[in-house]
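In: Next comes the sequence, and after it the predicted model I'd like to discuss.
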Amino acid sequence: MIDIHPDIEFKKEVKRLSNSSLNECMQCGTCSVVCSLAPDENPFPRKEMIWAGWGMKERLIVNTDIWLCHQCGDCSTFCPRGVKPADVFSAIRQICYRHYARPKFLNKILSKSIWLPVAVMIPVIVILSILFLAGTLQIPEGAVNYSKFFPHAWLNGSFGIITVIIYCFAISGLIRFRNDLQARYHDVKTQKGFFRRFMTTSKEIVLHSKFSSCSAQKSRKISHLLVFYGFILLLFVTGFAIIATLTHNYPFKFTNPVKIMGNVAGLMLVTGLGIMIINRIFNKKNYGNNNYSDWLLIISFFLLVISGGIVELARFQNWYYAYHWYFFHLVCVWFVVFYLPYAKFGHLLYRTIAIGFAKTIDRK
């Protein structure tokens with residue numbers, strides 16, 4: 001027997017984020033039948049749709065099946081009532097990482113467009129404060145040299161400290177999420193072989209293999225792979241650049257292999273994001289609802305890559321507005337890296353934990 005404790009505010013938020021008419025779901029089961037990813041036993045998303053309609057928040061945010069779904073859209077495409085189960089799942093995932101992420105006010109300012117000015121002002125004020133303390137709150141004269149505007153020691157030190165603080169909060173949220181999953185499935189016998197589970201989970205994420213099972217959004221795997229590996233490659237280049245500043249071998253020449261790698265990563269990101277944008281604008285039927293969180297993530301990534309390219313070109317060309325673009329680029333870095341656990345990109349962290357846990361209970 002299941003105790004039902006409806007959370008009306010949760011249901012309203014799911015409907016707002018998904019733009020789905022939950023009450024129109026007639027439990028026909030078509031969504032579960034057409035889903036190639038749903039397990040044979042207790043398949044999704046039929047049961048989750050009735051739970052969402054009943055406002056069962058506590059059952060849904062600790063449900064592994066929410067994360068086994070890759071939002072390919074097959075269920076929404078074939079839904080006879082147009083209830084859009086894929087968008088409902090996406091909305092529940094957003095609510096999940098907002099529920100676990102701390103501090104809460106960062107969840108709030110990234111969840112609605114009305115708070116965008118506040119989300120922008122936080123990095124602007126923090127970066128200006130750091131520049132003031134560094135004594136470089138002015139445009140340097142002479143050839144463009146970003147280290148004169150934002151000294152490497154201050155940049156790496158301050159951003160490094162902020163990164164540690166942010167991701168300590170993120171890790172604590174992930175731990176709570178993992179503990180709640182264990183409590184939710186406490187009566188399910190866990191499987192042995194941690195190393196095997198870790199390897200299969202990693203392989204699934206690295207290859208995005210589950211996307212191949214989807215029929216409604218064939219280009220989605222390509223775009224996600226380009227963005228995923230472009231971002232990882234960009235992180236590697238950034239890490240190498242930080243080391244180079246410590247050894248006084250920075251900035252790189254345009255022909256430097258690391259610089260070329262960074263430009264390739266940027267091209268991969270722009271291409272992947274471009275596919276996503278085109279599909280979301282011109283193929284709404286298959287790609288579902290586009291809410292504020294979706295566009296905030298895509299636009300933040302896009303502006304990060306574009307501003308990075310302009311900053312690079314401005315240094316080689318000694319543009320007058322190079323430092324203004326550099327400041328804008330740092331704000332974009334904040335949005336993508338520091339806001340990651342609180343924006344939609346945070347699903348990468350929570351999906352990894354959920355898929356790994358699902359394998360421990362042999363839910364696949």
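Out: Noted; the coordinates are in hand.

In: Just the buried positions in the host helix or strand of residue 116, please.
Out: Using DSSP states H and E, the element containing residue 116 is helix 116-134. Across helix 116-134, burial judged by 16 or more other CB atoms under 10 Å covers 119, 122, 123, 126, 127, 130, 131, 134. Heads up, the C-betas are built off the backbone N, CA and C, glycines and all.

In: Let me have those residues in a markdown table, extended by distance to residue 298 and pLDDT.
Out: Output for the buried residues of helix 116-134, formatted as a markdown table (distance: CB to CB, whole Å; pLDDT from 0 to 100):
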| residue | distance to residue 298 | pLDDT |
| --- | --- | --- |
| 119 | 15 | 95 |
| 122 | 20 | 96 |
| 123 | 19 | 97 |
| 126 | 24 | 97 |
| 127 | 23 | 97 |
| 130 | 28 | 96 |
| 131 | 29 | 96 |
| 134 | 33 | 94 |
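
In: Contacts for stretch 139-156 next, please.
Out: For stretch 139-156, the surrounding residues in contact (CB atoms under 8 Å, 6 or more residues apart in numbering) are 130-131, 133-134, 136, 242, 245-246, 250-251, 311, 314-315, 318-319, 322-323, 326, 330.

In: out of the residues you listed, which are buried?
Out: The buried subset of the contacts of stretch 139-156 - by 16+ other CB under 10 Å - is 130-131, 134, 136, 245, 250-251, 311, 314-315, 322-323, 326, 330.

In: Return the member of those residues nearest to residue 54.
Out: Within the buried ones among the contacts of stretch 139-156, proximity to residue 54 (CB to CB) peaks at residue 330, which comes in at 45.3 Å.

In: Contacts only, for the closest residue in space to the closest one that isn't next to it in sequence.
Out: Nearest in space to residue 330, with sequence neighbours left out and distances taken as CB to CB, 6 or more residues apart in numbering, is residue 127 at 5.6 Å. Each residue near residue 127 by CB under 8 Å, 6+ apart is listed here: 327, 330, 331, 334.

In: one more time with 7 Å, if that's ok
Out: 327, 330, 331 (CB atoms under 7 Å, 6 or more residues apart in numbering).

In: ok, now how distant is the last one from residue 121?
Out: In this view, residue 331 and residue 121 are 10 Å apart by CB to CB, to the nearest Å.

In: for residue 299, same thing?
Out: Distance from residue 299 to residue 121, counting by CB to CB: 17 Å.

In: Ok, residue 244 next?
Out: From residue 244 to residue 121 the distance is 32 Å (CB to CB).

In: Put together CSV for the buried ones among the contacts of stretch 139-156, with secondary structure and distance to residue 361 on each row.
Out: Output for the buried ones among the contacts of stretch 139-156, formatted as CSV (DSSP: H, G, I helix; E, B strand; the rest coil; distance: CB to CB, whole Å):
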residue, secondary structure, distance to residue 361
130, helix, 46
131, helix, 50
134, helix, 51
136, coil, 54
245, helix, 46
250, coil, 47
251, coil, 50
311, helix, 47
314, helix, 52
315, helix, 52
322, helix, 54
323, helix, 53
326, helix, 48
330, helix, 43
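
In: Could you export these as a markdown table, including distance to residue 293?
Out: Listed next are those as a markdown table, based on distance: CB to CB, whole Å:
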| residue | distance to residue 293 |
| --- | --- |
| 130 | 28 |
| 131 | 30 |
| 134 | 34 |
| 136 | 35 |
| 245 | 34 |
| 250 | 35 |
| 251 | 35 |
| 311 | 27 |
| 314 | 31 |
| 315 | 33 |
| 322 | 32 |
| 323 | 31 |
| 326 | 28 |
| 330 | 23 |
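
In: Just name the closest of those residues to residue 92, please.
Out: Closest to residue 92, out of all of the buried ones among the contacts of stretch 139-156 and judged by CB to CB, is residue 330, at 33.4 Å.

In: what kind of secondary structure is residue 81 in?
Out: With DSSP: H, G, I helix; E, B strand; the rest coil as the basis, the three-state label of residue 81 is coil.

In: number of nearby residues for residue 83?
Out: 25 (other CB atoms under 10 Å).

In: Spatially, what comes nearest to it if we skip its sequence neighbours?
Out: Closest to residue 83 by CB to CB, 6+ apart is residue 25, at 4.7 Å.

In: Quick check: that neighbour vs residue 345, distance?
Out: Remark: distance between residue 25 and residue 345 (CB to CB) = 29 Å.

In: got it, and residue 70?
Out: On the measure of CB to CB, residue 70 and residue 345 end up 15 Å apart.

In: mind showing which ranges of the chain have poor pLDDT?
Out: 1-3, 191-198, 207, 209-219, 284-288, 364 (pLDDT under 70).
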